[in-house]
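**Student:** Sequence plus predicted model, see below.
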Amino acid sequence: MSVLVIAEHESGVLKPETAKVVAAATKIASHVTVLVAGHNIAEAADHSAQIAGVQKVVAVDDASFAHQLAENTSELVVELASDFSHILFSASTTGKNIAPRVAALLDKSQISEIIDVIDADTFKRPIYAGNAIATVKSLDSQKVITVRASAFDAADTQAACDIEARSQSIASQVSEFVSIEQTESERPELTAAPVVISGGRGMQNGENFALLNGIADKLGAAIGASRAAVDAGFVPNDMQVGQTGKIVAPNLYIAVGISGAIQHLAGMKDSKVIVAINKDPEAPIFQVADYGLVADLFDALPELEQAL
Amino acid sequence: MKVLVPIKRVIDYNVKARVKPDNSDVDLSNVKMAINPFCEIAVEEAVRLKEAGTATEVIAVSIGDKACQEQLRTALALGADKAIHIESDAKLESLHVAKLLAKIVEQESPELVILGKQSIDSDNNQTGQMLAALTKRAQGTFASKVVVDGNKLQVTREVDGGLQTVSLSLPAVVTTDLRLNEPRYASLPNIMKAKRKPLDVITADSLGVDLAPRIELVKVEEPAKRSGGVMVESVEELVNKLKTEAKVIS
Ligand SMILES: Cc1cc2nc3c(=O)[nH]c(=O)nc-3n(C[C@H](O)[C@H](O)[C@H](O)COP(=O)(O)OP(=O)(O)OC[C@H]3O[C@@H](n4cnc5c(N)ncnc54)[C@H](O)[C@@H]3O)c2cc1C
């Protein structure tokens, strides 16, 4: 058995998810290859080679893969697939976009967002917004899987393994990248931050999110949001935590002015310690909070910033 | 332009799923069911394209037992022109669903297929991408904006890093994200009218797709319960506990 892990990278920089997906891969088999497909990805390939457990890195550096479009990237993965029993992607928006296309081309039933590896065929995954955990067994000869990175500890580092450069170009005939609107932030990434502080509808507007900045600075935290806060235009979509946003599991999650709908809980309830600040003592968020504070956030946030 | 909208009947999003005591599955008996929220957004988008004069016909399709005709009627009440019910009692995986839908795409040749990015029961997020692969079409997943421009489609996608825009050649497959639109409520006259709109029923078997399971559901469990927390009286007490008890800040 051998596993192909599709590296997660952005603008040539390897994302921390990759080492977590490799950790899941090493629970399946001892032979792990990482595919880094993109343009100007030398650094990402180097870093992939240093993830413990990786035996080989295949680097496909070509302008046609610059934006990791699903249509052509899936064809590339399918070309390499025959050597592998398992093909693993991170359950990021990139992985979710490409993996099912690969699975369908290989005529395999995909297993999405695994949170645990029982054996090479059997995996655990959340269903119904995380209100149930299913153990599923794949009957397919080859498995296409996406991995919920937050559920695995990143693999260690190692002395670099071999990198095989493969020259290949597959133009997508039917799709084309136009633009990306990226949120620039000096803060750690939501999915990698040790502390996350999120604001909800209770924040009332986008300007008030500044109340979270000082606290986030002191704690080295990333800032997240509920869907209601994103829908209302307070903050951009990439800050949404939940069933349909990002899944986070930091050491400390602070929910401010968030009621605790199941769809929000789905994205944060595996955090180690949860703090909730809400003025409504009945808010469901308190049922999952380790520490609950019934307070008006406009009083509590400045006090918290001071006290830290 | 013909638009095909596949929809799914699922547990209502306000209902918390319960695991059966024998751990065989989730218990859906006597649970309120509804159209999957993402599918509802897909129907709305298709109907808006029709209202804008871009789409000529909107066809809703659903796969499942007889009960899913209720959700097809909802789609018709929201403005779809006709519905197709692919009857099946089997436990279907996304791959099966995509293969069945590919047959309908073959029959109906829609220029655009719009479907939800995920269903809130299985949370798979697979069907649209698989359908795009099987029908060799371009895909615009997690769409928060769709603009038809001649024989091209501009799709703005909600991605982890922000918003990505891609240009797709039609025919294409689009999967919806939450912010694509806000679905309307069906009016009573439209609900009445929907009862007379065509709803064709065909069996899944008649489409000649291998529906043998590829994934076995071994068991379903409750997630680990969080141990009960405490309420604190003040910010000071909170910070104290985080430092000395939880030890997550210093
Ligand atoms: C298919 C689907 C997917 C979804 N996916 C997601 C998802 O990924 N992520 C997500 O978050 N949601 C998601 N939702 C939405 C979810 O159901 C809730 O609507 C949303 O999480 C509510 O956000 P909120 O808690 O900020 O707002 P509300 O529920 O309105 O809660 C606001 C809270 O703020 C408190 N508050 C108000 N003022 C103050 C104050 N001054 N001080 C202190 N507290 C105050 C209130 O007491 C209240 O509890 C999804 C919904 C659907 C249907």
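**Tutor:** Done, it's in. Numbers count the residues shown, from 1 in each chain, chains lettered A, B, ... in the order given.
**Student:** and residue B:200, what are its bridge partners?
**Tutor:** In this structure, residue B:200 bridges to residue B:84 when assessed by DSSP bridges.
**Student:** show me the contacts for it.
**Tutor:** Going by Cβ atoms under 8 Å, 6 or more residues apart in numbering or on different chains, residue B:200 touches B:82, B:83, B:84, B:85. No exception for glycine: its C-beta is placed from N, CA and C like everyone else's.
**Student:** 10 Å - rerun?
**Tutor:** Contact analysis of residue B:200 by Cβ atoms under 10 Å, 6 or more residues apart in numbering or on different chains lists B:59, B:61, B:72, B:82, B:83, B:84, B:85, B:86.
**Student:** wait, doesn't residue B:221 sit right on residue A:132?
**Tutor:** Yes: using Cβ atoms under 10 Å, residue B:221 is in contact with residue A:132, at 6.9 Å.
**Student:** before we move on, back to that, out of the contacts of residue B:200, flag the one nearest to residue B:240.
**Tutor:** Set against residue B:240, the nearest of the contacts of residue B:200 by Cβ to Cβ is residue B:72 (57.1 Å).
**Student:** Neighbours of the closest residue to that closest one other than its chain neighbours, how many?
**Tutor:** Distances taken as Cβ to Cβ, 6 or more residues apart in numbering or on different chains put residue B:83 closest to residue B:72, at 4.0 Å, once the chain neighbours are dropped. Neighbours of residue B:83 under the rule other Cβ atoms under 10 Å in any protein chain shown: 26.
**Student:** Count the neighbours of the residue lying closest to residue A:66 once chain neighbours are set aside for me.
**Tutor:** Distance criterion Cβ to Cβ, 6+ apart; nearest residue to residue A:66, sequence neighbours excluded, is residue A:39 at 3.8 Å. Residues lying near residue A:39 (other Cβ under 10 Å) number 15.
**Student:** Then the one 3 residues further on?
**Tutor:** Around residue A:42 sit 13 other residues, with neighbours defined as other Cβ under 10 Å.
**Student:** OK, contacts around it?
**Tutor:** So residue A:42 contacts A:12, A:36, A:59, A:61, A:163, A:165 (Cβ under 10 Å, 6+ apart).
**Student:** Can you name the residues bridging to the last one?
**Tutor:** This points to residue A:165. As for beta bridges, residue A:165 partners with residue A:59 under DSSP bridges.
**Student:** show me what contacts residue A:7?
**Tutor:** Neighbour list for residue A:7: A:14-15, A:17-19, A:21-22, A:34-38, A:41, A:44-45, A:47-48, A:51, A:54, A:57-59, A:89-90 [criterion: Cβ under 10 Å, 6+ apart].
**Student:** which ones among the residues you listed are found in helices?
**Tutor:** Taking DSSP state H, the ones among the contacts of residue A:7 that sit in helices are A:17, A:18, A:19, A:21, A:22, A:44, A:45, A:47, A:48.
**Student:** how far away is the second one from residue A:9?
**Tutor:** Residue A:18 sits 7 Å away from residue A:9 when distances are taken as Cβ to Cβ, to the nearest Å.
**Student:** Quickly list what's touching both of these two.
**Tutor:** Counting by Cβ under 10 Å, 6+ apart, the residues touching both residue A:18 and residue A:9 are A:36, A:44, A:47, A:48.
**Student:** Considering these, which is situated nearest to residue A:214?
**Tutor:** Nearest to residue A:214 among those, counting by Cβ to Cβ, is residue A:47 at 32.9 Å.
**Student:** I'd like to know how many residues surround that closest one.
**Tutor:** Neighbourhood size, residue A:47 [other Cβ under 10 Å]: 22.
**Student:** Run a quick neighbour tally on residue B:107.
**Tutor:** 12.
**Student:** now swap in residue B:52 and tell me
**Tutor:** Neighbour count for residue B:52, taken as other Cβ under 10 Å: 9.
**Student:** related to what we said a few turns ago, who has more neighbours, residue A:18 and residue A:9?
**Tutor:** residue A:18 (25 against 22).
**Student:** Touching, that one and residue A:41? I think so.
**Tutor:** No: counting by Cβ under 10 Å, residue A:18 stays clear of residue A:41, with 11.9 Å between them.
**Student:** so what's in contact with the two at the same time?
**Tutor:** The contact sets of residue A:18 and residue A:41 overlap at A:7, A:9, A:47, A:48 (Cβ under 10 Å, 6+ apart).
**Student:** quick one: the helices in chain B?
**Tutor:** Per DSSP H, chain B carries helices over the ranges B:37-51, B:69-78, B:94-108, B:127-134, B:188-194, B:235-244.
**Student:** In a markdown table, list the ones you listed along with mean pLDDT.
**Tutor:** Converted to a markdown table, the helices of chain B look like this (pLDDT from 0 to 100):
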| stretch | mean pLDDT |
| --- | --- |
| helix B:37-51 | 98 |
| helix B:69-78 | 98 |
| helix B:94-108 | 98 |
| helix B:127-134 | 98 |
| helix B:188-194 | 97 |
| helix B:235-244 | 96 |
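**Student:** okay, these in TSV with distance to residue B:166 next?
**Tutor:** Compiled in TSV, these are given as follows (distance: least, Cβ to Cβ, whole Å):
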stretch	distance to residue B:166
helix B:37-51	17
helix B:69-78	27
helix B:94-108	20
helix B:127-134	12
helix B:188-194	34
helix B:235-244	43
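**Student:** Highest average neighbour count across those helices: which stretch is it?
**Tutor:** Greatest average neighbour count among the helices of chain B goes to helix B:127-134 (a mean of 28), per mean count of other Cβ atoms under 10 Å in any protein chain shown.
**Student:** among the contacts of residue A:7, which are within reach of the ligand?
**Tutor:** Among the contacts of residue A:7, not one lies near the ligand by Cβ under 6 Å from any ligand atom.
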